[in-house]
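S.K.: got a predicted structure plus its sequence, pasted below:
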Amino acid sequence: MNKEKSLLDALFEHATEGIIICNERGIITMINPAGTTTFGYDQDELLGQSIDVLLPKRVRDGHHKLRESYNENPAPRKMGEGRDLFGARKDGSEIMVAVSLSPFETTQGKFVMAFVVDITSRKRNESDLLIAHEQLRQSADAIQQLNRELEDKVQERTEELADAIQQLAESKREVMLALEKERELNELKSRFVTMASHEFRTPLGTILSSASLIGKYETNEHQTKREKHIDRIKAAVSNLTEILNDFLSLEKLEEGVVRCQMVRINGKQLLTETIDDLKGISRNGQTIELVYEGNEEIFADPQLMKNILINLVSNAIKYSKDDGQITVSSAVTSERFELNIADRGIGIPLEDQKNIFDRFFRATNAGNIQGTGLGLNIVKKYVELMDGSISFVSSEEGTTFTVSLPQNQ
């Protein structure tokens, strides 16, 4: 008998789930170490206390009635059945718990044994997964909208070609111009289809495989793997969003929707705030340093200036090593505002440098690094809208882009 009691005592003391025993008045008569740890108390602090001390204050009044109802008709209740339950730790923080109940009776009276498990992390992961699914749905909707817009654009260009054919008799020069225009359009279309099929396939495949694998990880031991795949889904959705933003920016530029509003702004503040935001997407060990010289006030379009900085620094992050340093330096004179973004990344091959600002062009050493080949083309157009210029120098030791804007207006 003593051996059996020792075994039961060991099970009670070393159980990984919290075990709480209360009498019918709701007074805690026994609680194991796992139970006190779950709620943040020391071993003997809860003995003799009402079970209500482990509940958030907002639900204690209602719990009193529920306990009385349960005592009138006690029955075992499995873990996870019924509504979401909340507990209160000693420090006042709330946790979500799963509770199973087992009533029993001894010579000392009626008791209820409760098995308690903290499921706060599991609930949070389920919420993250729902958010990831919603982001995936929104990305799919955006891609469908993009496809419709592309179909409309192709239809529009096809109609333009039909008009050009009808005017063949009017001028050989017009015919040649129309044919050249169509050749460029077909080339862009071909390059777009090639790029889009690759850039969309990779993140969509990542999202699909990660979403499928998450469903297979059901125990707490798989938490690290679940978080890994959730991070992969978030990264893939972010990549799709970046691609769609490039397409939309290019479309607005082509249609002349983007307007340049040159005003006096605090250049140092704009650069500081934008770089602080970009530090959140930098890779492990990367540093972004800002060196600002000259008058803090500059003459520029604030939104275009911010978009230029985001694109160039994002490229520097993307093409640099994990421990790489990125330096953003600027100098302001009465004549010009000069902005330099320098990295120690993989550089741009010499044979590719003449085409680096072309639409859909990507350097041959880009490899599997995600990108649309539109970013630098868009940056160049933004700089030109402000009557500025952009240049760069690059080698195997890194690349420096320089943006120069006139300041004597």
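M.R.: All right, it came through fine. Just so it is clear, the model here is predicted, and its values are computed rather than measured.
S.K.: burial count for the nearest residue to Thr36 once chain neighbours are set aside?
M.R.: The shortest distance from Thr36 to any non-neighbouring residue, by Cβ to Cβ, 6 or more residues apart in numbering, is to Gln43 (5.6 Å). Heads up, the C-betas are built off the backbone N, CA and C, glycines and all. Burial of Gln43, expressed as a neighbour count using other Cβ atoms under 10 Å, amounts to 12.
S.K.: who's in contact with Asn340?
M.R.: For Asn340, the residues meeting the contact criterion (Cβ atoms under 8 Å, 6 or more residues apart in numbering) are 327-330, 400-403.
S.K.: now for those residues: which two are most distant?
M.R.: Within these, two members stand farthest from each other by Cβ to Cβ: Thr327 and Val403, at 14.3 Å.
S.K.: so between those two, which is more surrounded?
M.R.: For Thr327 against Val403, the residue with the higher neighbour count under other Cβ under 10 Å is Val403, and the figures read 25 against 17.
S.K.: assign a three-state SS to the more buried one, would you?
M.R.: The local conformation at Val403, judged by DSSP: H, G, I helix; E, B strand; the rest coil, is strand.
S.K.: residues in contact with it?
M.R.: If you count contacts by Cβ under 8 Å, 6+ apart, Val403 has them with 308, 312, 338-340, 383, 388-390.
S.K.: if you set the cut-off to 6 Å instead, what comes out?
M.R.: The contact partners of Val403, by Cβ atoms under 6 Å, 6 or more residues apart in numbering, come to 339, 383, 390.
S.K.: tell me which stretches of the stretch 301-409 of the chain form strands.
M.R.: Remark: strands assigned in the stretch 301-409 of the chain by DSSP state E, counting those that start in this stretch are 325-332, 336-342, 389-395, 398-406.
S.K.: buried sites along the helix or strand hosting Leu270?
M.R.: Secondary structure here is read from DSSP states H and E; on that basis Leu270 sits in helix 267-278. Neighbour counts using 16 or more other Cβ atoms under 10 Å place 267-268, 270-271, 274-275, 278 of helix 267-278 among the buried residues.
S.K.: pull out the buried residues from the helix or strand that that helix is followed by.
M.R.: Downstream of helix 267-278, the next assigned helix or strand under DSSP H and E is strand 287-294. For strand 287-294, the buried set under the neighbour-count rule, 16+ other Cβ under 10 Å, comprises 288, 292, 294.
S.K.: same check, this time on stretch 92-103
M.R.: Applying a neighbour-count criterion of 16+ other Cβ under 10 Å, one finds 95-101, 103 buried in stretch 92-103.
S.K.: coming back round to it: just the mean pLDDT for the helix holding Leu270, thanks.
M.R.: On average, the pLDDT along helix 267-278 is 90.
S.K.: now for that helix, which elements pack on it?
M.R.: The elements that helix 267-278 packs onto, with contact taken as 3 or more Cβ pairs under 6 Å, 6 or more residues apart in numbering; DSSP states H and E, are strand 287-294, helix 302-318.
S.K.: how distant is the last one from the center of its chain?
M.R.: So the one you mean is helix 302-318. When C-alpha coordinates are averaged (Cα atoms, centre = their mean, to the nearest Å), helix 302-318 and its chain have centres 18 Å apart.
S.K.: residues in contact with Ile275?
M.R.: When the contact criterion is Cβ under 6 Å, 6+ apart, the partners of Ile275 are 288, 290.
S.K.: export the helices and strands packed on helix 267-278 as a markdown table, with columns for distance to Thr372 and mean pLDDT.
M.R.: As requested, those are arranged in a markdown table below (distance: least, Cβ to Cβ, whole Å; pLDDT from 0 to 100):
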| stretch | distance to Thr372 | mean pLDDT |
| --- | --- | --- |
| strand 287-294 | 23 | 93 |
| helix 302-318 | 11 | 89 |
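S.K.: for burial, what's the neighbour tally of Gly388?
M.R.: Residues within reach of Gly388, counting by other Cβ under 10 Å, total 21.
S.K.: mind pulling up the pLDDT for it?
M.R.: The pLDDT attached to Gly388 in the predicted structure is 93.
S.K.: same deal with Val53?
M.R.: The predicted structure scores Val53 at 86 on the pLDDT scale.
S.K.: then Leu204?
M.R.: 58.
S.K.: now swap in Glu199 and tell me
M.R.: Note for Glu199: predicted pLDDT of 52.
S.K.: now swap in Glu251 and tell me
M.R.: For Glu251, the model assigns a pLDDT of 64.
S.K.: what do you get for the one 4 residues further on?
M.R.: Turning to Glu255, the model gives it a pLDDT of 65.
S.K.: longest strand in this structure, by number of residues?
M.R.: The strand spanning the most residues in the chain, taking DSSP state E as the definition, is strand 94-106.
S.K.: any idea how far Glu156 is from Leu150?
M.R.: In this structure, Glu156 and Leu150 are separated by 11 Å, where distance is defined by Cβ to Cβ, to the nearest Å.
S.K.: show me which of the two is the more surrounded one.
M.R.: Neighbours per residue (other Cβ under 10 Å) separate Glu156 from Leu150, with Leu150 holding more: 16 against 9.
S.K.: the helix or strand where that one lies - what's its average pLDDT?
M.R.: The secondary structure element spanning Leu150 is helix 120-166 (assigned by DSSP H and E). Mean pLDDT, computed over helix 120-166, is 81.
S.K.: give me the helices and strands touching that helix, please.
M.R.: Going by 3+ Cβ pairs under 6 Å, 6+ apart, helix 120-166 lies up against strand 94-106, helix 172-214, helix 223-254.
S.K.: need the contact list for Arg362.
M.R.: When contacts are counted by Cβ under 6 Å, 6+ apart, Arg362 is found next to 371, 373.
S.K.: try Gln407
M.R.: When contacts are counted by Cβ under 6 Å, 6+ apart, Gln407 touches 299, 335-337.
S.K.: tell me how far it lies from Gly388.
M.R.: Going from Gln407 to Gly388 by Cβ to Cβ gives 10 Å.
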